[in-house]
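1. sequence below, structure please.
(2 chains)
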Amino acid sequence: MIGGLFIYNHKGEVLISRVYRDDIGRNAVDAFRVNVIHARQQVRSPVTNIARTSFFHVKRSNIWLAAVTKQNVNAAMVFEFLYKMCDVMASYFGKISEENIKNNFVLIYELLDEILDFGYPQNSETGALKTFITQQGIKGQFQTKEEQSQITSQVTGQIGWRREGIKYRRNELFLDVLESVNLLMSPQGQVLSAHVSGRVVMKSYLSGMPECKFGMNDKIVIDKAGKGGVTNEAGKSTSGKQSIAIDDCTFNQCVRLSKFDSERSISFIPPDGDYELMRYRTTKDIILPFRVIPLVREVGRTKLEVKVVIKSNFKPSLLAQKIEVRIPTPLNTSGVQVICMKGKAKYKASENAIVWKIKRMAGMKESQISAEIELLPTNDKKKWARPPISMNFEVPFAPSGLKVRYLKVFESKLNYSDHDVVKWVRYIGRSGIYETRC
Amino acid sequence: MEWANQLCENRQFGSKMTDSKYFTTTKKGEIFELKAELNSDKKEKKKEAVKKVIASMTVGKDVSALFPDVVNCMQTDNLELKKLVYLYLMNYAKSQPDMAIMAVNTFVKDCEDANPLIRALAVRTMGCIRVDKITEYLCEPLRKCLKDEDPYVRKTAAVCVAKLHDINAQLVEDQGFLDTLKDLISDSNPMVVANAVAALSEIAESHPNSNLLDLNPQSINKLLTALNECTEWGQIFILDCLANYTPRDDRESQSICERVTPRLSHANSAVVLSAVKVLMKFMEMLPKDLDYYGTLLKKLAPPLVTLLSAEPELQYVALRNINLIVQKRPEILKHEMKVFFVKYNDPIYVKLEKLDIMIRLASQANIAQVLAELKEYATEVDVDFVRKAVRAIGRCAIKVEQSAERCVSTLLDLIQTKVNYVVQEAIVVIKDIFRKYPNKYESVIATLCENLDSLDEPEARAAMIWIVGEYAERIDNADELLESFLEGFHDESTQVQLQLLTAIVKLFLKKPTETQELVQQVLSLATQDSDNPDLRDRGYIYWRLLSTDPVAAKEVVLAEKPLISEETDLIEPTLLEELICHIGTLASVYHKPPSAFVEGSRGVMHKRLPARTGSGESTESPDVGTAAGGSAPEAAPSIIPSQGDLLGDLLNLDMAPPTTTGPPPPNTGMQMGGMDLLGGGLDSLMGDESEPLGGDIGGSPAMGAGFGAAPAVMPASLNAPVGGGLGDLFDLGGGVGMPMGAYIPPKTVWLPAMKAKGLEISGTFARRAGVIQMELILTNKAMSVMTDFAIQFNRNSFGLAPAGPLQVLTPLGPNQTIEVSLPLSTVGPVMKMDPLNNLQVAVKNNIDVFYFSCQYPISMLFVEDGKMERQVFLATWKDIPNDNESQFQIKDCHLNSDAASSKLQGSNIFTIAKRTVEGQDMLYMSIKLSNGIWVLAELRVQAGNPNYTISLKCRAPEVSQCVFQCYEAVLKN
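-> Numbering: from 1, shown residues only, chains lettered A, B, ... in the order given. Modelled structure (predicted):
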C-alpha cells in the first residue's frame, strides 16, 4: 500500500510530508526531488523507481504530489487516490497552489490522517468529510451523541455520499449534458478517428433521501422497448427520434451498477449539490459540427501559402460560439499576412501559430482565411513537422445525438412528488481535440 | 483568483493570520523559543507553537528535542491540537521510546472516550507508534475496538491489526487478533468488511502458506455482497482479494464473473482494472464453447477503451496493462486499433505505449491505416518517439508479409529526409527486414550505401556493415566500403568491430582474389592489436578456419541463417501469466514480477492462472509446463521457448549456445520508460537486439559441428581485457574444484595465490532469503596494492551471472584480506557445462585477469515456491516417462523421516506428502529450479536402516545427479 505522501512546490521544497509505513525513510523525500523534480530530462513516466522505491506523481499547476511505496501496490488505485486528494483539497480551499497549501497545512494533515490509514484509502467523499473535518477544530466537543453516530454511520455507510435530513424549500435539479467531440481528420477529409466523450453533470437540491431514475435515448433500451411492444409514455415520445449507440459508460458510485448491468436502468440516490453522474463515449453517427479544409502550398524555400476553409454542419437556426482555429506556422517564420472573411485573425509568434477567432457562426455556413507566410532561409535539415490545424468551439447541442428522455425523482417519506421538482436540462457540445492534418 | 483565496481564508479563519507564517521562522534559538511557547499557559499560544513544530518537522528540521513539551500538550479537549500532537508522536516516538510512554495513559483513556471519532483516532494513532512498550498497551484497547458498537471504530481497528502485525507478527497471532479479524469479514457494515479484507490480504502475503483468508464459496458470497455496497476503495480491496481465489469449477467461476462484470462501469479506473483482472483470471476456467465466454470477451473491450479517456497518468497505467492483455487475448481489442492512434498532445509516455500496442494489433486488415499513421509519427519532434515509429514500420514489415514492400518504400522515403537519426534507425530495421526476406529487397542497397558517411551510431554502423558483408557479391565497391571502416578500427565499438571482422571474412570468401590483403589486415587487427577477448576469439577462429579448411570455412561463415521470427518482443509466457494475475498493480506497469522490485518475503509468492476445468479440455496434462503456459493455447503465439524448454534443447543438442536467452526486444530502453534504475530484473534477460547479429557465427548450426561444445563466443558484455591467448580460459579448467558439501559448503580455495600473481581467492555459495550469493575471500599475498576488482562469469548451465559489481571499494594492501559477498542472478546467458554445475569465473584487478572454475551446489538454485500442489505432483509424476527416473542410495544417514524432511525444507526441498507402508516412510518431495525445471523425488526411509533410497524424476534427467549430491550433502551436514 501507499507508504507515504509528499507535496512539493516547483522548486522541490517539501510542503507536506506524511509517512505511513516504516519502510519509507526520510531520504525518499530527497530521492524524488533529485531524480524527478530536478531531473534535466523531461518526465518520461509518471511512475519512477529509485532504489527499489516506487514514486507515483501527478502535477497540479506547479505543485507536485507524490505517493511512495516499496510494495507491489495497485497502481491505478494510487493515481485515482492522488486525483481524489486533489479534488478534496480543491473543495476545501480552492485552487491547489503553494500559498493555499501552506495556508492550510494543518487541515491537509488532518485530511491525510483521515482518508489514508496505513496507506489504505478510506472514505474520501467531501460531503462526508466536511461533516467532521471542519477546521473550526472544536466541533467534536459540541456534538451530541446522535450527531456523532450520524457522522460515523455516514462515513462508513452504504450511502456515504449523502447525509440524512437535508431540506430545501424549493426542490430543484440541474442537468447538463456536456460533450467534447474529438476528431482527427486527414488532409483529404477522411475521418481517421472520431469520438465523443460526454459527461452528465448534475446539481441537485432535493430534500430527504430521494430515489432518482434517469433515462436517455440509449439504443439498447429503446430497441428492447420496441421489441417487447411496451408502449409507455417515454417510449412513444422518442419512437420517432433516433437512438444512439453508446460504446461504454461509467457511473458515479451512487449509481446501482448491478441494476444497470441487468436492466440497463440508471437509478441512484444523488449526492447533494454538484456531482458527475456518468461519463460515456460514442463513436457512431457523430455529428461533426465543423469541417476544416486546409490547403498548404510551399512556394519556393522561403514562402508558404495557407488557405483554410471552415464549414459549419448543423441546423441553421443554431449558433456556434467561441470559434477558434489555430494554424501552426514553421519555427523560422519571419512574417505573416492574413486575410479572413469573418472574425479576427492574428499571427502569434510566441505560439508559432495563426489564431483565427470568430465569435458566432450559424449552421450551414462557410468561412475562409488565407495567409502568406514568409520564411527565413535556414540550413536546418530537419523538416517542419506540420502539426495539425486544431479547432475550438462550443455548440448548443450534443454531437453524439444523446437526448435525455426522463429524470424522475421519488421520495416516499417526504410529501413532494416528481412533478414538484423543478428540472433544468441543457446540452453543450465542445471541441475536445479537434484536429485536421495539413 | 486572489480574492477567492482571500475569501476562503476569511471564511475559515476569520480575521486570523494564515498558517503559512509557520513556514518562515528560521532564526537561531528557535527551539528554545518554541519550548517556552509550548509551556505557555495560554491555549491559543500553545496551539500556535505546536503548529510551528509540525511545520518545522515537515521541512525536515529536527525538532525531536521538544518531545516532552509537545507530549505535555496532549491532554486537551481541543481535537485539532490533539491531532497535531499525535502527528508529532508518530514521527518521533521511535527515537524517544522512553518518553513516548508518557503518552500511553492518554491513549488508553481516549480509547474509552464516548465519542467514536476520538476512540478511532486513538487506536489509529497508537498503531502507528512503533515502540514496544506502547504496543503492549495497545492490545487491550484494540480488542475492545474490534468489537466496538460503532462501525467507524471497527473499520479503524481492522486496519490497526495490520499495523500491529507489521510491528510484531507473533503478538498478533498470540492475542488471537487474526480470528477476530476473520470474523469482521461477516460484519454488517461494508466498509468494515473491506478494511478487514485489506488487512487480512496484507497479512496473508507475509504468510504464503497459511490459510488465513480461507476463501470458500460462502465467504466469497459475502465479499460479493459487500462489493455492491462499499466505497470505491473498498471495492478495489475486495476485487484484488477475489483475484487470489481459485474457483472449484467452471460454474462457480461463471457465477463470480457475472457478479463482477457490473464493476466494469465504475467511474474509478482502479475498480475497472481490478475487475478486469478477476475476469481475465477466471475466464481461464470457462470452456470456450460456452456462450457466456464470448459474451464476456465482448464486454471487456469497451471499458478498456474508456480507460484511455482518463487522465494521462492513468492512461499510462491502463496502456501498460492493455499491452499485457493484448498479448494474452489478442481477440479482445483486435477491432479497436483506432483508439490507440497517437494524439499530438499526448504526453510522451502515453505516445510510446500506444505505439507499442499499435504494432501488436497490426494485421493484414488494418496495416494500411497503421502504416499511414506511423509515417506521420516519423516526422514528429521527440527523438525517442520518432525512432520508435521508424522501428515500428520495420516490425510491421516483418509481421505482415503483404505489407513488406510498402514498408520498405516508406523507409526509403524516410531515408530521403536525411534526418540523421531517422536514417540510422531506418537502416537498423532494414537489416532486420533483410533477415526476414533474404534476397528480396537488395535493390535498396544502393540508397543505403549513399548514407554510409552519416552513420555515427554503433548500431547503425554495424547494421550497414552486416548488409555490405551479406550482399558483398552484389556491391561492386564492397571492399572499398569496408576498407573505409577499417581505418579507425580501434575507435569503433565492439559491436562494429565484430561485425566488420565477419563482414570482411564473408567478402573474402566471396571474392577471394581481390581481398586477401584486407582480410589479413582485419585478422591481425582483431587478434594482435585488440585487447577484447570476444574479438580476439572470433578472429582466431576465423584465422584457423581459413588456414586449415577454406571449404569448411565457407560452410560455416556463409551458412544459411535462420529467418528471424515475427514477434521478437513478446513477454515470455510464464511471466505473462504471472503479470496477468497482477493487472492494475505496479508489476503490470513495470512488466516485471513483484519479486524483481519488492524487498523481503512479500514478493516471493508467484501467482498463476488457474487451469481450465471445463469439458473438452481434458487433453491437457496438469503438469506445470502446460498448466502455466498452455492453458490458453490460442493465446500469444509461443515462438519463444520457455526457459525449461531452452535448457532441454541445450541438453539434447550439444551445440553452440543459442544467441539469446529470452525475447530480444528491439527497444527495451524505450519501452521501460523511467525504470532503468531497477536492478536485477529482466533487463539483462532480454538480450540486446544486435545479439543475433553479433552472435552470427555462434548461431549457425554448422559452427556447432565444427567446434563441439567449446564456448566459442563469450557474452558480448564481457569486456574485461585479457592478457593471455585464446587458450587461457580452457587451460585453467582444471583449477581446484569445490567438493559438494553442506547446505552452505565450507569455503575452499578456488584460485591459489601462485597462479594469480599473489591474489588468492577462496569462497563458497549460499542462498539467503531467496538471493543466491557467492561469498568470496580475497587475500592479497603480493607485495603491491591491488585495486580495480571486477568479476565475470562464463556462460553456464543455469545462467548464473553477477547481479552487481564486485564490491571491493578500498584498495587491498599487501597481506590484507577482504570478505565480499556477491549477489547472483540467474538471467545470464545459458550454456550447458560439464559437470552441469561447473562455473568458469574471470576475476580482474589492476594487475591482470585471472581465470578459475568452481562448482556450486545445485541446491542454491532451489527456489522458495517449489512446493507443488498434490494433484499436480501426482499427475506430473505419472506424466514424466520412466526412462527419466533415476535411483540413488544415501548411506549412513541416521535421521528419522521427519527430521530429514524438515532439514530438506531448509534447502527448499519441500515434502508434499508422506505415506507409511510396512514401517517404511515414503516422502514425496518437489523442487523447483530457478529456471523453472521441476524435480520430483520419492525418498524411502526404513526405520532402523541408515541407508535411504531416493528416486528422482525430472524432465531434464541430467540434473538428477546433481540433485542427488545435494540430498546427500544436506542430509549429512
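2. could you list the domains of the chain?
-> Reading this off chain A. A:4-132, A:172-224+A:243-285+A:402-436, A:290-395 (the TED database).
3. I was after chain B.
-> According to the TED database, the ranges for chain B are B:362-454, B:457-548, B:748-856, B:862-972.
4. can you say which of the domains of chain A is packed in most?
-> domain A:4-132 (a mean of 20; mean count of other CB atoms under 10 Å in any protein chain shown). C-beta: built from backbone N, CA, C; applies to glycine.
5. pLDDT of that domain, averaged?
-> Averaged across domain A:4-132, the pLDDT comes to 92.
6. measure it end to end?
-> 24 Å (CA to CA, to the nearest Å).
7. same deal with stretch A:308-328?
-> Start-to-end, stretch A:308-328 (CA to CA) is 12 Å.
8. mind checking pLDDT for A:Glu374?
-> Value listed for A:Glu374 in the pLDDT field: 92.
9. which residues in the stretch 151-300 of chain B form helices?
-> B:151-167, B:169-174, B:177-184, B:190-205, B:217-227, B:232-242, B:250-260, B:269-283, B:291-306 (DSSP state H, counting those that start in this stretch).
10. from B:Val970, how far out is B:Asp179?
-> 37 Å (CB to CB, to the nearest Å).
11. okay, these two: which has more neighbours?
-> It is B:Val970, of B:Asp179 and B:Val970, that has more neighbours when counted by other CB atoms under 10 Å in any protein chain shown, with 20 against 9.
12. the nearest residue to that one once chain neighbours are set aside and A:Ser207, how far apart?
-> Among residues not flanking B:Val970 along the chain, B:Ser907 sits closest, at 5.0 Å (CB to CB, 6 or more residues apart in numbering or on different chains). Noted for B:Ser907: a distance of 70 Å to A:Ser207, by CB to CB.
13. next one: phi and psi at B:Thr515?
-> Main-chain torsions, B:Thr515, degrees, to the nearest 10: phi -120, psi 10.
14. next one: A:Glu366
-> Per degrees, to the nearest 10, the backbone of A:Glu366 is at phi -140, psi 140.
15. wait, it sits on A:Ser312?
-> Yes. A:Glu366 lies in contact with A:Ser312 (CB atoms under 8 Å); the separation is 7.5 Å.
16. now do the same for the residue nearest to B:Val970: helix, strand or coil?
-> coil (DSSP: H, G, I helix; E, B strand; the rest coil).
17. rewinding a little: mind putting the domains of chain B in JSON lines, mean pLDDT included?
-> What follows is the domains of chain B, written out as JSON lines (pLDDT from 0 to 100):
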{"stretch": "domain B:362-454", "mean pLDDT": "89"}
{"stretch": "domain B:457-548", "mean pLDDT": "89"}
{"stretch": "domain B:748-856", "mean pLDDT": "83"}
{"stretch": "domain B:862-972", "mean pLDDT": "82"}
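18. nearest to B:His207, out of the ones you listed?
-> Nearest to B:His207 among the domains of chain B is domain B:862-972 (13.2 Å), distances taken as CB to CB.
19. dump the helices of the stretch 151-300 of chain B into a markdown table; add mean pLDDT and distance to chain A as well.
-> Below are these laid out as a markdown table (pLDDT from 0 to 100; distance: least, CB to the nearest CB, whole Å):
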| stretch | mean pLDDT | distance to chain A |
| --- | --- | --- |
| helix B:151-167 | 93 | 4 |
| helix B:169-174 | 89 | 13 |
| helix B:177-184 | 91 | 12 |
| helix B:190-205 | 92 | 4 |
| helix B:217-227 | 89 | 9 |
| helix B:232-242 | 95 | 4 |
| helix B:250-260 | 92 | 8 |
| helix B:269-283 | 95 | 4 |
| helix B:291-306 | 93 | 3 |
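20. can you pull out the strands in the stretch 251-400 of chain A?
-> Shown for the stretch 251-400 of chain A, the strands assigned by DSSP state E, counting those that start in this stretch span residues A:266-268, A:273-282, A:290-299, A:303-312, A:319-328, A:333-340, A:344-348, A:353-362, A:366-375, A:389-395.
21. any idea which residue of the stretch 501-650 of chain B lies closest to chain A?
-> Residue nearest to chain A within the stretch 501-650 of chain B: B:Pro594 (3.9 Å; CB to the nearest CB).
22. which residues does the nearest residue to B:Gly906 once chain neighbours are set aside contact?
-> Distances taken as CB to CB, 6+ apart place B:Tyr743 nearest to B:Gly906, at 6.6 Å, with adjacent residues excluded. Taking CB atoms under 8 Å, 6 or more residues apart in numbering or on different chains as the criterion, B:Tyr743 is in contact with B:857, B:859, B:906-907, B:969-970, B:973.
23. touching, B:Leu800 and B:Val830? I think so.
-> No. Applying CB under 8 Å as the test, B:Leu800 and B:Val830 come out as separate, 9.4 Å apart.
24. for B:Glu577, see how far away the closest residue to B:Arg955 other than its chain neighbours is.
-> Using CB to CB, 6+ apart and skipping residues adjacent in sequence, the residue nearest B:Arg955 is B:Ile880, 6.1 Å away. Taking CB to CB as the measure, B:Ile880 falls 22 Å from B:Glu577.
25. those two: who's more crowded?
-> B:Glu577 (24 against 18).
26. now stretch B:405-415, how far from the centre of its chain.
-> Distance of stretch B:405-415 from its chain centroid, counting by CA atoms, centre = their mean, to the nearest Å, is 36 Å.
27. show me where the stretch 51-200 of chain A has strands.
-> A:53-60, A:63-69, A:116-117, A:120-121, A:172-185, A:191-205.
28. could you redo the helices of the stretch 151-300 of chain B as JSON lines and give each row distance to A:Val200?
-> Listed next are the helices of the stretch 151-300 of chain B as JSON lines, based on distance: least, CB to CB, whole Å:
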{"stretch": "helix B:151-167", "distance to A:Val200": "32"}
{"stretch": "helix B:169-174", "distance to A:Val200": "47"}
{"stretch": "helix B:177-184", "distance to A:Val200": "37"}
{"stretch": "helix B:190-205", "distance to A:Val200": "26"}
{"stretch": "helix B:217-227", "distance to A:Val200": "24"}
{"stretch": "helix B:232-242", "distance to A:Val200": "18"}
{"stretch": "helix B:250-260", "distance to A:Val200": "25"}
{"stretch": "helix B:269-283", "distance to A:Val200": "18"}
{"stretch": "helix B:291-306", "distance to A:Val200": "15"}
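29. can you pull out the helices in chain A?
-> A:27-32, A:75-93, A:98-103, A:105-115, A:126-129, A:139-142, A:145-156, A:219-228, A:233-239, A:257-263 (DSSP state H).
30. quick check, central residue of chain A?
-> In chain A, the centroid-proximal residue (CA atoms, centre = their mean) is A:Arg199; its distance is 8.0 Å.
31. doesn't A:Met278 make contact with that residue?
-> Yes. Under the criterion of CB under 8 Å, A:Arg199 makes contact with A:Met278 at 7.2 Å.
32. fine by me, we can end here.
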